[in-house]
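Undergrad: need a structure here:
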Amino acid sequence: MAGRILTKSILDSIRVPIGFQTAAFHGRSRIGSREIVGHGMNGQANYQDRIDYPMPSIRFREDTADVKALREKEKGDWRKLTVEEKKTLYRASFCQTFAEFNAPDSDWKHSLGWAIFFCSLSLWIYMGMKMFVLGPLPETFDDAHQKAQLKRMLDIKVDPVDGLSSKWDYENKRWK
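TA: Take a look at the predicted model:
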């Protein structure tokens, strides 16, 4: 009982106008006079066109006089509505159709362009480093030095069990 009195006294001490309480509770400060029509994606009053949550929690547009009249007409027989009236009602509730928000966009072109730009930039940096920063290759990288090094490794029998020397036939002087 003491908890109830404490809670009631705290609530009584906060003096917020009644209209503001409901506006803040329903998020009316953000959504204006748009109608809340469902739970939506996460229970908050927001609008998103999504495939996994096809029914947003609020309508896309605020109701005008024309849309209110169409909503009253909508409560009757739908066959009496024209195609234009149905489209108007749809566009008042939703921003895009499924075909529109599932349509491919050109974002991949921007991503590909940036990827090609960075690849070319890295090639230019490599060429600049090769020309201006790095020196010439050591002389041991030419063909004659590499053949001499291979012959020396075979002569001293480097790694004879499962390495380079194990693949050389010493009797016939050729690779196994």
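Undergrad: Look at the closest residue to Ser166 other than its chain neighbours and tell me its secondary structure.
TA: Leaving out its chain neighbours, the residue that sits closest to Ser166 by C-beta to C-beta, 6 or more residues apart in numbering is Pro160, at 5.7 Å. C-betas here are computed from N, CA, C, even on glycine. What DSSP: H, G, I helix; E, B strand; the rest coil gives for Pro160 is coil.
Undergrad: quick one: the helices in this structure?
TA: Taking DSSP state H as the test, the helices found in the chain are 2-13, 18-26, 28-31, 65-74, 83-93, 98-102, 107-128, 143-155.
Undergrad: Quick check: pLDDT value at the residue nearest to Ser166.
TA: Per-residue pLDDT puts Pro160 at 88.
Undergrad: and Val158, how many residues sit next to it?
TA: When neighbours are defined as other C-beta atoms under 10 Å, Val158 has 13 of them.
Undergrad: any idea how far the spatially most central residue of the chain lies from Val83?
TA: Centroid-nearest residue in the chain: Asp107, 11.3 Å away (criterion: C-alpha atoms, centre = their mean). Distance of Asp107 to Val83, given as C-beta to C-beta, to the nearest Å: 33 Å.
Undergrad: Repeat that for Arg91.
TA: With C-beta to C-beta as the criterion, Arg91 and Val83 are 13 Å apart.
Undergrad: Can you add mean pLDDT and distance to Gly135 and give the helices of the chain back as TSV?
TA: As requested, the helices of the chain are exported to TSV (pLDDT from 0 to 100; distance: least, C-beta to C-beta, whole Å):
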stretch	mean pLDDT	distance to Gly135
helix 2-13	46	78
helix 18-26	47	71
helix 28-31	74	64
helix 65-74	92	76
helix 83-93	93	69
helix 98-102	89	57
helix 107-128	97	14
helix 143-155	93	17
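Undergrad: Please name whichever of these is nearest to Asp49.
TA: Nearest to Asp49, of all those, is helix 98-102, at 4.6 Å by C-beta to C-beta.
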